[in-house]
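> Curious how this folds, go ahead:
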Amino acid sequence: MQDVLGRVLTILIMGAPLAAAMLFRGFLAHFNPYSANRFLLSGKEGFVSTIPTLAMQRMLPTWLCRFFIRGRRIPYGALNYETKLLAARALSLGWGTKLPRFDTSPVKLGQAARPVINKHLAGTLGHLDRKTVMTHRFGLTLLIHDLLTHELQIPLLLTAGFVYQQGERLNYTPVEQVEKLLHSRSVVGPDFPLHIWLTLPGHEIVDATFWAAFPALTGSEERARRGVMLDPADWAARSYHPQWVGEAIVRRLGLLKENEGW
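This next block holds a predicted model:
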């Protein structure tokens, strides 16, 4: 039953992206049945739920509860990465963007893919200074995307959003602000606060530019390898929050040039 309902959500995202975007942004984005805190139950300002947390848990079906992580505080840790990626996909589709085929998989590549990923991170970024990588992070990440897709023979999803670490939202721009820029057809500069990374089919992450953007928050190994491959479920110190997926949105913002290449 859980699998069937999960497929229904996926069909909703693919077939009715505006409705799906509203569902994820309005409900899932602010709701965590495992949080001990009070939380917004609707989009109305000042409307706060007074229903006890345990009662909330009982109200939700098991298939929906599985999208949340027990014991995590909202809004940064309430949803697992898979759910946040679905929300970003729905929002991107709602803006009429064409997304590449991306079939998820329960299989984690882990150590099997790490040598290939490390090779391309070093080969692509090893000769570049930190400022250059930061300025051209979108084009460089797209290049690494193409290299890894070709060698690993798997789909990778270009993912944009923000990172949460040490109590701060890093490279964060609210979705509403990005939408205003899209409405006005505005073009932003390379220092616009939006992070970029790659998502693998097993929901692992390859981040090639965090070390360049935030060197003080990055370990020596990540800096030396010019990036990191991680499973977001295993990294408590740093969490990734997708807001947009695919190339179209970042191209419309001017962050990815039409023929940018390295």
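> so where do the strands sit in this protein?
Remark: strands assigned in the chain by DSSP state E are 157-165, 168-170, 195-199, 205-207, 228-230, 238-245.
> of those, which approaches Leu140 most closely?
Nearest to Leu140, of all the strands of the chain, is strand 195-199, at 9.0 Å by Cβ to Cβ. From N, CA and C alone the C-beta is placed, and that goes for glycine too.
> Give me the sheet partners of that closest one and which way each runs.
Strand 195-199 has its sheet partners listed here by DSSP bridges as strand 157-165 (antiparallel), strand 205-207 (antiparallel).
> Throw these into CSV and include mean pLDDT, mean neighbour count and distance to Gly110, thanks.
CSV is the format used below for those (pLDDT from 0 to 100; neighbours: other Cβ atoms under 10 Å; distance: least, Cβ to Cβ, whole Å):
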stretch, mean pLDDT, mean neighbour count, distance to Gly110
strand 157-165, 94, 22, 18
strand 205-207, 96, 22, 12
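> closest to Ser92 out of the strands of the chain?
For these, the distance to Ser92 is smallest for strand 238-245, at 5.1 Å, taking Cβ to Cβ.
> list the helices and strands that closest one packs on?
Packing partners of strand 238-245 (3 or more Cβ pairs under 8 Å, 6 or more residues apart in numbering; DSSP states H and E): helix 81-94, strand 157-165, helix 175-183, strand 195-199.
> For the strands paired with strand 195-199, give me TSV that also has distance to Val245.
Formatted as TSV, the strands paired with strand 195-199 follow (distance: least, Cβ to Cβ, whole Å):
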stretch	distance to Val245
strand 157-165	5
strand 205-207	13
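> about what we covered before: indicate which one of the strands of the chain is closest to Arg114.
strand 228-230 (5.8 Å).
> pLDDT score for Thr104?
We have a pLDDT of 81 for Thr104.
> cool, and the one 10 residues further on?
pLDDT for Arg114: 92.
> again with Arg70
Each residue has a pLDDT score; the one for Arg70 is 51.
> do the one 3 residues further on as well
pLDDT for Arg73: 46.
> Over to Gly43?
Per the predicted model, pLDDT is 38 at Gly43.
> What of Glu221?
Model confidence at Glu221, given as pLDDT, is 90.
> Could you report the distance from it to Leu121?
Distance of Glu221 to Leu121, computed by Cβ to Cβ, to the nearest Å: 12 Å.
> Which one's more surrounded, those two?
Leu121 (24 against 9; other Cβ atoms under 10 Å).
> Contact partners for the more buried one?
Neighbouring residues of Leu121 by Cβ atoms under 8 Å, 6 or more residues apart in numbering: 144, 206, 208, 225-227.
> Figure out which of the strands of the chain is closest to Ala90.
With Cβ to Cβ, the closest approach to Ala90 among those belongs to strand 238-245: 9.6 Å.
> Direction included, what does the closest one pair against?
In the sheet, strand 238-245 lines up against strand 157-165 (antiparallel) (DSSP bridges).
> by how many degrees do the strand it pairs with and helix 81-94 diverge?
Interaxial angle, strand 157-165 versus helix 81-94 (axes from the mean of the first three to the mean of the last three Cα atoms, to 10 degrees): 120 degrees.
> Would you mind getting the angle between strand 157-165 and helix 175-183?
Orientation of strand 157-165 against helix 175-183 (the same axes, to 10 degrees) gives an angle of 140 degrees.
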